[in-house]
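[1] give the three-dimensional model of this entry:
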Amino acid sequence: MEGKEILKDLSNFSAVSGSEFQLHEKLENIFKDLVDEIKKGILGDFIAVKKGEGENRLKVLLTAHADEIGLMVTDIDDRGFVHFTNVGGVDPKTLPAQEVIIHGKEKVFGVIGAKPPHVLTDKDRKKSIKIDEMVIDCGMTRDELEKLISVGDFITVKRHSIGLLGDFITGKALDNRSGIMVLYECAKELKNIKHSCDVYFAATSLEERGLLGIKTTAYEVSPDIGIVVDVTFADKYADSDIQIECGKGVEITIGPNIHPELSEKLIKIADEYAIPYTIDVSPASTGTETWNLQICQEGIPTLLVSIPIRYMHTSTEVVNYKDIIRAARLLVLFISSLKDWGDIYA
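    Numbers count the residues shown, from 1 in each chain. Purely as a prediction, here's the structure:
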């Protein structure tokens, strides 16, 4: 299965924050022939280790969070309607009329309903709809539902990832299954070349709930260098401050959350090998796992490489697979250039 098809498969699979362990089997299948060791963490993180050559090897951690945003059952009312809340940054206005799957004892399908426009008052029409004003209609009674689902069950939008023209792909959870595919493509290339570093490919947990899972992963690996791969906004049509677009390269972040010598070396490599990129200047938090990774243990030098996507945190995110390949190539070249800290501070 080629990379695009693997990404579609990962997009179609559901793993809301707190249920990342459900991805483990799929991740093991795609990484097992590329690495030397696989570990599975208590909080649902997945780590694939590719050993380097020589002694006193640097440990490089590449991370991409495995979890996705979603919903959770809070109540089943007397009419058989399911009430719910959000898990992560769900935009309520994207929810009405969506097909959903409730992940209970078995999958239960339903649709999210809301008041039809015909019965809305003028005042209501000017308001943004709230999650507590919506319900899920499964066409079942309360008694029937309670045999299949429970309060606390996760809910995801029912969406099938598809290819668009060229190298574009749309689907849910491309934030951050796209990042996982960067790790996969990187591991695929590193299998065929010599490198000095031990490389830890980590699909981390609970990012959408406050950048939490990276903390335990960092303690488990204790890396010398941490590189976070995530997605970034490519909706240039909607915001003139957005500089990057899908299909035109990767984003490299600089700022106090990022190690200056590491970022300088990464940018030099991108220039040397003509890998298109945009610089993101981030004076404070990057909003990614680098924020917590940097201050784990005694401090971990960090980098952030981002893949541009459109319509983030919707069920129709769009990514260009060429950008995934570019990010992976940049990381392969960076990792293969490292032998010790002298390569950074030279």
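
[2] who touches stretch 28-48?
    With CB atoms under 8 Å, 6 or more residues apart in numbering as the test, stretch 28-48 has contacts from 6, 18-21, 23-24, 27, 49-51, 66-67, 183-184, 187-188, 190-191, 200-206, 213, 216-217, 220-221. Any C-beta I mention is one placed from the backbone N, CA and C, and that applies to glycine too.

[3] run the chain-centre distance for that stretch.
    Computed by CA atoms, centre = their mean, to the nearest Å, the chain-centroid distance of stretch 28-48 equals 16 Å.

[4] my read: residue 106 touches residue 148, true?
    Yes. Using CB atoms under 8 Å, residue 106 is in contact with residue 148, at 6.0 Å.

[5] common neighbours of these two, please.
    With CB under 8 Å, 6+ apart, residue 106 and residue 148 have no common neighbours.

[6] neighbour count for the two, which is higher?
    The residue with more neighbours, out of residue 106 and residue 148, is residue 148; 15 against 9, by other CB atoms under 10 Å.

[7] does that one count as helix, strand or coil?
    At residue 148, secondary structure determined by DSSP: H, G, I helix; E, B strand; the rest coil is coil.

[8] show me the contacts for it.
    102, 104, 105, 106, 108, 140.

[9] again, only this time at 6 Å
    104, 105, 108 (CB atoms under 6 Å, 6 or more residues apart in numbering).

[10] got it, and residue 308?
    Residue 308 neighbours (CB under 6 Å, 6+ apart): 232, 234, 244, 246.

[11] returning to what we had before: for the contacts of residue 148, pick the one with the most neighbours.
    Top of the contacts of residue 148 by neighbour count (other CB under 10 Å): residue 108, with 22 neighbours.

[12] buried subset of the contacts of stretch 28-48, written for PyMOL?
    Applying 16 or more other CB atoms under 10 Å to those, the buried members can be selected in PyMOL as follows:
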select buried, resi 6+18+19+20+21+23+24+27+49+50+66+67+183+184+187+188+190+200+201+202+203+204+205+206+213+216+217+220+221
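
[13] helices - which of the contacts of stretch 28-48 land there?
    Among the contacts of stretch 28-48, the ones falling in helices (DSSP state H) are 6, 24, 27, 183-184, 187-188, 190, 213, 216-217, 220-221.

[14] mind picking the lowest-pLDDT entry from those residues?
    The lowest pLDDT within the ones in helices among the contacts of stretch 28-48 belongs to residue 213, with 91.

[15] hang on, it packs against residue 205?
    Yes. The pair residue 213 and residue 205 qualifies as a contact (CB atoms under 6 Å) at a distance of 3.4 Å.

[16] domain parsing for this protein?
    3-68+172-345, 70-157 (automatic domain parsing).

[17] could you redo those domains as CSV and give each row distance to residue 166?
    Output for the domains of the chain, formatted as CSV (distance: least, CB to CB, whole Å):
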stretch, distance to residue 166
domain 3-68+172-345, 7
domain 70-157, 25
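
[18] name the stretch among these that sits most buried.
    Comparing the domains of the chain by mean neighbour count (mean count of other CB atoms under 10 Å), domain 3-68+172-345 comes out on top with a mean of 20.

[19] can you give me how far it is from the chain middle?
    9 Å.

[20] check stretch 102-121 too.
    26 Å.

[21] what does stretch 49-69 give?
    The answer for stretch 49-69 is 16 Å, by CA atoms, centre = their mean.

[22] state the mean pLDDT of it.
    Rounded mean pLDDT across stretch 49-69 is 94.

[23] now the end-to-end length of that stretch.
    Using CA to CA, to the nearest Å, the end-to-end distance of stretch 49-69 comes out at 27 Å.

[24] any idea of the pLDDT on residue 5?
    At residue 5, the model reports a pLDDT of 97.

[25] hmm, I typed the wrong one, I wanted residue 307.
    What the model reports as pLDDT for residue 307 is 98.

[26] can you put the ones in helices among the contacts of stretch 28-48 in TSV and add distance to residue 306?
    Below are the ones in helices among the contacts of stretch 28-48 laid out as TSV (distance: CB to CB, whole Å):
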residue	distance to residue 306
6	20
24	25
27	21
183	14
184	17
187	19
188	20
190	21
213	18
216	23
217	19
220	24
221	21
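
[27] for those, which one is nearest residue 268?
    residue 190 (20.0 Å; CB to CB).

[28] tell me where this structure has helices.
    All helices of the chain, identified by DSSP H, fall at 3-12, 24-31, 122-125, 142-146, 174-190, 213-221, 260-272, 290-293, 321-336, 342-345.

[29] got the contact list for the longest one?
    Read it as helix 174-190. 3, 7, 10-11, 30, 34, 50, 62, 64-65, 201, 203, 229-231, 307, 309, 312, 317, 319, 324-325, 327-328, 331-332.

[30] how about the strands in the stretch 1-150 of the chain?
    Assigned by DSSP state E, counting those that start in this stretch, the stretch 1-150 of the chain shows strands spanning 37-40, 46-50, 59-65, 70-76, 82-87, 99-103, 107-113, 135-137.

[31] closest one to residue 339 among those strands?
    Nearest of those (CB to CB): strand 59-65, 11.8 Å.

[32] any regions of the chain where pLDDT drops low?
    Confidence mapping of the chain against pLDDT under 70 gives the ranges 1, 341, 343-346.

[33] sounds good, over and out.
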